[in-house]
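Trainee: For reference, the sequence and a predicted model appear below.
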Amino acid sequence: MQLSHLSKDECQRARMARDSRFDGRFYVAVRTTGIFCRPICPAILPNEDNVEYFSHQAKALQAGYRPCLRCRPDSAPGSWAWRGVETTVSRATKLIEQGELQHQSLPELCERLGVSDRYLRQLFQQQLGMSPKQYAQYHQLMFAKQLLHSSSMSITEVGFASGFNSTRRFNDAFQKALKLTPGQIRRQENHALHRKSLALAFRGPFHWQHTLAFYRQRAIDGLEQVDEQSYQRRFTLAGTQGWFKASLPRANPANTLEIEFELDDIRLLRHLVNRLRQMFDLDADLDHIESHLESVAPGLISESGIRIPGVWTAWEAGVRAILGQQVSVKAAIGQLNLLVERLSPNRFPTPAQVASADLSFLRMPQSRKATLSRLAEHLLSTPDSPPSDWLALKGIGPWTVSYARLRGLSETDCFLDGDLVVKKALDRFPQLNANSAAPWGSYATFHCWSFLS
C-alpha cells in the first residue's frame, strides 16, 4: 500500500465502481500480471488479494509494474500531480515534472529550493522511495509514452522532446523501465498528420463553446484566432517561437483536447504541455466543483462544464486587467490591439518593450499608462514576482491582482466579488460569497458572469 491521501478501502470501493472521479488520484497494480492501471480500466476486475495501490505512477514503475496499454495510466487527468501541502518535496516534484533537471544540475535545483541535495534525496527516499533523478526519468518516460500514443511525432522527436539526448539512450531507458520498446507502442497507433499534434486528457464536462465565446470577445488581432470549433495563437516560450491550435471534437469519448502545434525547439514541449494544461484548466474536477457550488447557491450552474479560460502568462493577464480598468471589454480590447500593433505585431509585447515605450498613443488616462509602465518595470527587474506583490505598485488594486491570478495563473479561488456583474449576480444568490464558494471561487466568478451574460 503506497498511499498518503486515500485509504485502501476507499480505493477498493472506487475501483470496483470504476468511479471516474478517482481517475488520476491513485493507480491499481495487479501482482499476477505485473501491470498497473487507472481505476476506470475496462478490463476484468482482479481479485482484491492480487491488487496493490499506488498514489503515483512513479511508485508503481519503481515497484516493477508496467503501465496498462488499454487504459494508459500516462493519460490520466492530473497525472503526476502532487496533492499534498506545499512542502519542499511538492515544490521539487513540480519543478522536476516541468523538466528543470534537463536544464540544471541537482545541486542547482536544491539551491533554488533552499535545501541541500543530500536533504532532498533523503526526503524523496522517505516520501517516494526513489531519488530525484529516478523520479525525473520516470516522469520523462511516462511523458514519452503519452506522446507515442497521442502525438504525430516521430520516435526520435519524442525522445528529444522528453529530455533524452540520444535516441539510443531513450530506447534503452524506455525498454528497461516499461518492458516495451518505443516502436512497439508506436506501431499500435496510426498517425497520418503532417503537422505535429497531440491529445491532452481532462476529466468531467467541458463547455468548449463557452470557452471559445469568451476568447472570441477578447481576441488580439494577428495573435489569436477563434472560429466555431477552435482557438489558436502565437506564443513565445523561453525565447522560442511557437503556435498552437486547440479544438474539441464533438464526438469525444476519450475526453481529450486536440492540439496541433509548431515549436522551434522541441525540447520545450513539456513546458508547452504544462502551459496548455494550465491555460485550458484541464486538471479541474468539474463534477466535484459544480456539485459544491450548486449546493451553496442552487441554480447558479445554469451551464455545466465552464472552465477557467486562461491567457498565456500572468504578465499578459495583468496588462489586460490594467487596460480593462473601469471600461467595457470592447474598449479594453481596442486599446490592447493598439498596444500590440504598435509595439510587437503578432506577438504579445514583453515587459522590456512596454517599459521602454512612449505610451502616448494609447487612448486612456495618463495615470493608467503610468500604471502599465510601472508593472512592466517591476517585472523587468523581478520577473518571478507573483501578482500578489503587485499591490505595492501605485494604480494596481485587488481587482487587477485577482484578475491576473484568475486568468494568468488559473488559480481556483479568485472570487471577484468587487466586479459589477458579480455584484448583480449576488443579489440573486445572497448565500454566495468568497467563504462559501471556497476553494472554487474562480468558477463561481465565471458562473456569475455566464448567468447574467
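Mentor: Yep, it's here.

Trainee: Which helix or strand contains the residue nearest to residue 65 when sequence neighbours are not counted?
Mentor: Nearest residue to residue 65, sequence neighbours excluded (Cβ to Cβ, 6 or more residues apart in numbering): residue 36, at 4.2 Å. The C-beta positions use only the backbone N, C-alpha and C, and glycine is treated the same way. Under DSSP states H and E, the secondary-structure element containing residue 36 is strand 35-37.

Trainee: what packs against that strand?
Mentor: Packed against strand 35-37 by the contact rule (3 or more Cβ pairs under 8 Å, 6 or more residues apart in numbering; DSSP states H and E) you find strand 27-30, strand 66-67.

Trainee: Please identify which of those strands is closest to residue 234.
Mentor: strand 66-67 (34.7 Å; Cβ to Cβ).

Trainee: Can I get the helices and strands packed on strand 35-37 in CSV including distance to residue 10 and mean neighbour count?
Mentor: Formatted as CSV, the entries for the helices and strands packed on strand 35-37 read as follows, by distance: least, Cβ to Cβ, whole Å; neighbours: other Cβ atoms under 10 Å:
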stretch, distance to residue 10, mean neighbour count
strand 27-30, 13, 26
strand 66-67, 22, 22
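
Trainee: Which of these has the lowest mean pLDDT?
Mentor: Between the helices and strands packed on strand 35-37, the one with the least mean pLDDT is strand 66-67; it has a mean of 90.

Trainee: Could you list the buried residues of the helix or strand just after the strand holding residue 36?
Mentor: Remark: after strand 35-37, the chain's next helix or strand is strand 51-54, criterion DSSP H and E. Burial within strand 51-54, assessed by neighbour count using 16 or more other Cβ atoms under 10 Å, is assigned to 51, 52, 53, 54.

Trainee: How about stretch 212-223?
Mentor: Using 16+ other Cβ under 10 Å as the burial criterion, the residues of stretch 212-223 that qualify are 212, 214, 215, 218, 219, 220, 223.

Trainee: Check stretch 341-353 too.
Mentor: Neighbour counts using 16+ other Cβ under 10 Å place 343, 344, 347, 348, 349, 350, 351, 353 of stretch 341-353 among the buried residues.

Trainee: what about that stretch, average pLDDT?
Mentor: Rounded mean pLDDT across stretch 341-353 is 94.

Trainee: Now do stretch 119-127: distance to the chain's middle.
Mentor: In terms of Cα atoms, centre = their mean, to the nearest Å, the gap separating the centre of stretch 119-127 from the centre of its chain is 26 Å.

Trainee: show me where the stretch 351-453 of the chain has helices.
Mentor: Per DSSP state H, counting those that start in this stretch, the stretch 351-453 of the chain has helices spanning 351-355, 366-381, 398-403, 420-428, 434-437, 441-451. These are given in chain order.

Trainee: Comparing the ones you listed, which comes out most buried?
Mentor: By mean neighbour count, with neighbours taken as mean count of other Cβ atoms under 10 Å, helix 441-451 ranks first of the helices of the stretch 351-453 of the chain at a mean of 24.

Trainee: what mean pLDDT does stretch 119-131 have?
Mentor: Averaging pLDDT along stretch 119-131 gives 81.

Trainee: list the buried ones in it?
Mentor: Neighbour-count burial for stretch 119-131 flags 120, 121, 123, 124, 127, 128, 130 (criterion: 16+ other Cβ under 10 Å).

Trainee: Quick check: closest non-adjacent residue to the first one.
Mentor: The spatially closest residue to residue 120, leaving aside those adjacent along the chain, is residue 110, at 5.2 Å (Cβ to Cβ, 6+ apart).

Trainee: Name the residues that touch the helix or strand harbouring that neighbour?
Mentor: For residue 110, the host element (DSSP H and E) is helix 106-113. Applying Cβ atoms under 8 Å, 6 or more residues apart in numbering, the external contacts of helix 106-113 come out as 88, 91-92, 95-96, 100-101, 104, 116-117, 119-120, 132-133.

Trainee: Determine how far whatever helix or strand comes next after that helix lies from the middle of the whole chain.
Mentor: Downstream of helix 106-113, the next assigned helix or strand under DSSP H and E is helix 117-128. Counting by Cα atoms, centre = their mean, helix 117-128 is centred 26 Å from the centre of its parent chain.

Trainee: And for stretch 382-389?
Mentor: Computed by Cα atoms, centre = their mean, the chain-centroid distance of stretch 382-389 equals 19 Å.

Trainee: OK, contacts around residue 386?
Mentor: If you count contacts by Cβ under 8 Å, 6+ apart, residue 386 has them with residue 314.

Trainee: didn't residue 137 look like it was pressed against residue 173?
Mentor: Yes. With contact defined as Cβ atoms under 8 Å, residue 137 reaches residue 173; the gap is 6.4 Å.

Trainee: Please identify which of these two sits among more neighbours.
Mentor: Using other Cβ atoms under 10 Å, the more surrounded residue of residue 137 and residue 173 is residue 137, with 22 against 18.

Trainee: The residue nearest to residue 120 and residue 121, how far apart?
Mentor: The gap separating residue 110 from residue 121 is 9 Å, by Cβ to Cβ, to the nearest Å.

Trainee: one step back: number of nearby residues for the residue nearest to residue 120?
Mentor: If you count neighbours by other Cβ under 10 Å, residue 110 ends up with 20.

Trainee: need the contacts of helix 106-113 in CSV with secondary structure, can you?
Mentor: Listed next are these as CSV, based on DSSP: H, G, I helix; E, B strand; the rest coil:
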residue, secondary structure
88, helix
91, helix
92, helix
95, helix
96, helix
100, helix
101, helix
104, coil
116, coil
117, helix
119, helix
120, helix
132, helix
133, helix
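
Trainee: Looking at the helices of the stretch 351-453 of the chain, which is nearest to residue 257?
Mentor: In terms of Cβ to Cβ, the element of the helices of the stretch 351-453 of the chain nearest to residue 257 is helix 441-451, at 17.9 Å.
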